[in-house]
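A.B. asks: Can you look at this prediction? I've put the sequence above it.
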Amino acid sequence: MSADARPGSLRIGKLIEVVTADVRHTAVGRVGAVLVMVVDSSTPAVTAALVRVGDDADEPQVTVVAERVTVDARAHGELLAPQIQAVLADGGAAPGDLAAVVAGTGPGPFTGLRAGMVTAAALGHALDIPVYGVCSLDGIGHGRPGRLLVATDARRKEIYWAVYDDGARVEGPAVDKPADVAAQVHAAAAAGDGADRYAAVLGLPVLPPLYPSARALAELAADRVRAKAPGETLTPRYLRRPDAVAPGARKPALP
Amino acid sequence: MKTEPLVLGIETSCDETGVGIVRGHTLLADEVASSVEEHARFGGVVPEVASRAHYEAMVPTVQRALDTAGITLADVDAIAVTAGPGLAGALLVGVAAAKAYALAAGKPIYGVNHLAAHVAVDTLEHGPLPEPAIALLVSGGHSSLLKVDDLAGRVEPLGATIDDAAGEAFDKVARLLGLPFPGGPPIDRAARDGQIVIPFPRGLTAARDLAEHRFDFSFSGLKTAVARWVEARQRAGEPVPVNDVAASFQEAVCDVLTNKAVDACLDRGVRTLVIGGGVAANSRIRALAQERCDRHGITLRVPRPKLCTDNGAMVAALGAHLVAAGAAPGRLGLPTDSAMPITLVTAGQ
Ligand SMILES: [Zn+2]
């Protein structure tokens, strides 16, 4: 995948900062519009975004006010909270201005995924606002025409995957070896860092993005935000059991 | 008059999700959700199982602590959280949650050392800690001897286990004897009906070991000695006197721990010994330490058992001490450190 300098896009790097222009005008002031914090940590792209969800039919439903994405698979716990603080500052907003939190619920590598989800849960708890979960793969497949395989890197030479038909998830999420997915899935193209990494095995043209889009996650939760739906206790989509083996017979200490 | 700092503490370094709230040296809430039963069939803590349980328990446990203390998050002066040492994935759940609470409520955050928190918790029971003090911290994850010059920042490691933690030895011997996990409480109970009749070895107490390991511990040889003794009985077709083995094993552990702790007090001219960690809940170590401290005019401070095991109150207690001492809070980007050295009382300033 080539780097792309267009605002709102992602490229591999230490810190990618995306701030839309003129945020102070968009953050507040719209009648009926509310501010929502979007977090996703299901992939190496640690994502925090301040978005505005409007209820005006003439306006786009979701506007990204400020977004920060850092691609670093090993620092989710360190990066996320400062990024949340930064997008609030970028948007001229305070935590108390938030009306809801939207969190990607994976699937994703356990430790990083939990960092984002517990952050979202604690934010919602502390601010007494609802938290809404969205499957992180939907943040890649949402709004895409045709039949698309979305795959992110699940480590251990496996991928987390789902299939989308005109943006709607029709299979998955699941975790499997790329070759097994290739054998059973029919799609015109693929997206996600897992699709990119295993492009040769999957045999599908790879489209952007590599990682879930905060805007897409917000759009998928927008109806719940507008309806002020009750928040959820989010369940991480681990898709794998913990590595744990009950001990076998003890080795004797005597020879 | 300035009131004492009100601090909420979060602990997730092992298998207990602990949330405590203290005001100065006063305990207001101590809520613990444990995943110990989920680990029992594995004979030890499974990190990913613990981390999943922390995630599920976090928000409800914080809410219970706030309810018990009768406060809201807006009332607290700071959030404290265990930054290390401990299980990396487990630590991260607590630290990420603490950051979110701190950010949302606009409060300073303190990432603190778990071992220092085990010392600080004693202030909730016995008031301010005389400094310097010697601290013996013993649990399933750690066995350390420390000299605490300043709980807010200067702690000197004197010694530690060179193999198994003391609590680990209890777990392994319990399994050998067919007792449940965790092994501390059942061994303590069995030992009460047993006699100290088997001369199990005392690790690192021989003259040749003392030069290099005067304040270090070793429990691996003891564990093996118990296993050999039990197996020899079984092979001879004789019954295993579980209570006597438990009592003799427990005595060997507590003898070494208290001997070295008192030796450290005498060597450094320190008049206060604090014992903390899950093994400090053991009745024999409490009795033996009291006896030996009395003999040498050392003041022994051991918190009640509920405060000895991992909990959030100990983290809050250290946090309150740090706030009162004017220590700098941490950054929102503060890292977890699974091998955090005791020379660091706080992380990520
Ligand atoms: Zn501990």
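C.D. replies: The structure has been received and is ready for your questions.
A.B. asks: Quick one: the strands in the stretch 151-300 of chain B, in order.
C.D. replies: Using DSSP state E, counting those that start in this stretch, the strands found in the stretch 151-300 of chain B span residues B:154-160, B:272-276, B:299-301.
A.B. asks: and the longest one, what does it pack onto?
C.D. replies: Helices and strands in packing contact with strand B:154-160 are listed as helix B:114-120, strand B:143-150, helix B:242-268; criterion 3 or more CB pairs under 8 Å, 6 or more residues apart in numbering or on different chains; DSSP states H and E. For the C-beta atoms, the positions are set from N, CA and C on the backbone; glycine is no exception.
A.B. asks: let's see it at 6 Å
C.D. replies: Using 3 or more CB pairs under 6 Å, 6 or more residues apart in numbering or on different chains; DSSP states H and E as the contact criterion, the elements in contact with strand B:154-160 are strand B:143-150.
A.B. asks: ok, the strand it packs on: who's next to it in the sheet?
C.D. replies: strand B:133-138 (antiparallel), strand B:154-160 (antiparallel) (DSSP bridges).
A.B. asks: For B:Ala339, give me the pLDDT.
C.D. replies: For B:Ala339, the pLDDT comes out at 94.
A.B. asks: what do you get for the one 10 residues further on?
C.D. replies: According to the prediction, B:Gln349 has pLDDT 84.
A.B. asks: wait, doesn't it sit right on B:Arg331?
C.D. replies: No: checked against CB atoms under 6 Å, the pair B:Gln349 and B:Arg331 is beyond contact range at 7.0 Å.
A.B. asks: Tell me which of these two has more neighbours.
C.D. replies: B:Arg331 (16 against 12; other CB atoms under 10 Å in any protein chain shown).
A.B. asks: For residue 137, which residues are in contact?
C.D. replies: Here I'm looking at chain A. A:Leu137 is in contact with A:150, A:162, A:173, counting by CB atoms under 6 Å, 6 or more residues apart in numbering or on different chains.
A.B. asks: actually chain B
C.D. replies: B:115, B:118, B:144, B:276-277 are the contacts of B:Leu137 under CB under 6 Å, 6+ apart.
A.B. asks: ok, those residues vs chain A, which is closest?
C.D. replies: Checking the contacts of B:Leu137 against chain A with CB to the nearest CB, the nearest one is B:Leu115 at 20.8 Å.
A.B. asks: from what I can see that closest one touches B:Leu344, true?
C.D. replies: No: if you go by CB under 6 Å, B:Leu115 and B:Leu344 don't touch, sitting 10.2 Å apart.
A.B. asks: Point out the residues in chain A that sit beside chain B.
C.D. replies: A:77-78, A:81-82, A:85, A:95, A:111, A:114-115, A:118-119, A:121-123, A:125-127, A:242, A:244, A:246-247, A:252-254 (CB under 6 Å from any CB of the partner chain).
A.B. asks: Go again with 8 Å.
C.D. replies: A:75-82, A:84-85, A:95, A:110-111, A:114-123, A:125-127, A:233, A:236, A:238, A:242-247, A:250, A:252-254 (CB under 8 Å from any CB of the partner chain).
A.B. asks: Would you show me how to pick out the buried ones of these in ChimeraX?
C.D. replies: Buried residues among the residues of chain A next to chain B (16 or more other CB atoms under 10 Å in any protein chain shown), as a ChimeraX selection:
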select /A:75,76,77,78,79,80,81,82,84,85,95,110,111,114,115,116,117,118,119,120,121,122,123,125,126,127,236,238,253
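A.B. asks: How about the secondary structure of B:Lys99?
C.D. replies: helix (DSSP: H, G, I helix; E, B strand; the rest coil).
A.B. asks: what about it, neighbour count?
C.D. replies: If we define neighbours as other CB under 10 Å, then B:Lys99 has 31 of them.
A.B. asks: again with the one 4 residues further on
C.D. replies: The number of residues packed around B:Leu103, counting by other CB under 10 Å, is 24.
A.B. asks: quick one: the strand or helix carrying it near the ion?
C.D. replies: Taking DSSP states H and E as the definition, B:Leu103 sits inside helix B:88-105. No: applying CB under 5 Å from the ion, one finds helix B:88-105 separated from the ion by no less than 11.8 Å.
A.B. asks: is that helix anywhere near chain A?
C.D. replies: Yes: contact between helix B:88-105 and chain A, assessed by CB under 8 Å from any CB, occurs at B:88-89, B:92-93, B:95-105.
A.B. asks: got JSON lines for the strands of the stretch 151-300 of chain B, with mean pLDDT and mean neighbour count too?
C.D. replies: Below are the strands of the stretch 151-300 of chain B laid out as JSON lines (pLDDT from 0 to 100; neighbours: other CB atoms under 10 Å in any protein chain shown):
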{"stretch": "strand B:154-160", "mean pLDDT": "96", "mean neighbour count": "17"}
{"stretch": "strand B:272-276", "mean pLDDT": "97", "mean neighbour count": "25"}
{"stretch": "strand B:299-301", "mean pLDDT": "98", "mean neighbour count": "19"}
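A.B. asks: can I get the ones you listed in JSON lines with distance to B:Asp67?
C.D. replies: Output for the strands of the stretch 151-300 of chain B, formatted as JSON lines (distance: least, CB to CB, whole Å):
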{"stretch": "strand B:154-160", "distance to B:Asp67": "34"}
{"stretch": "strand B:272-276", "distance to B:Asp67": "27"}
{"stretch": "strand B:299-301", "distance to B:Asp67": "30"}
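A.B. asks: related to what we said a few turns ago, could I get the contacts of B:Leu137 as CSV with distance to B:Arg235?
C.D. replies: Shown next, in CSV, are the contacts of B:Leu137 (distance: CB to CB, whole Å):
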residue, distance to B:Arg235
B:Leu115, 41
B:His118, 41
B:Ser144, 37
B:Gly276, 40
B:Gly277, 36
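A.B. asks: Of these - the most surrounded one?
C.D. replies: Top of the contacts of B:Leu137 by neighbour count (other CB under 10 Å): B:His118, with 33 neighbours.
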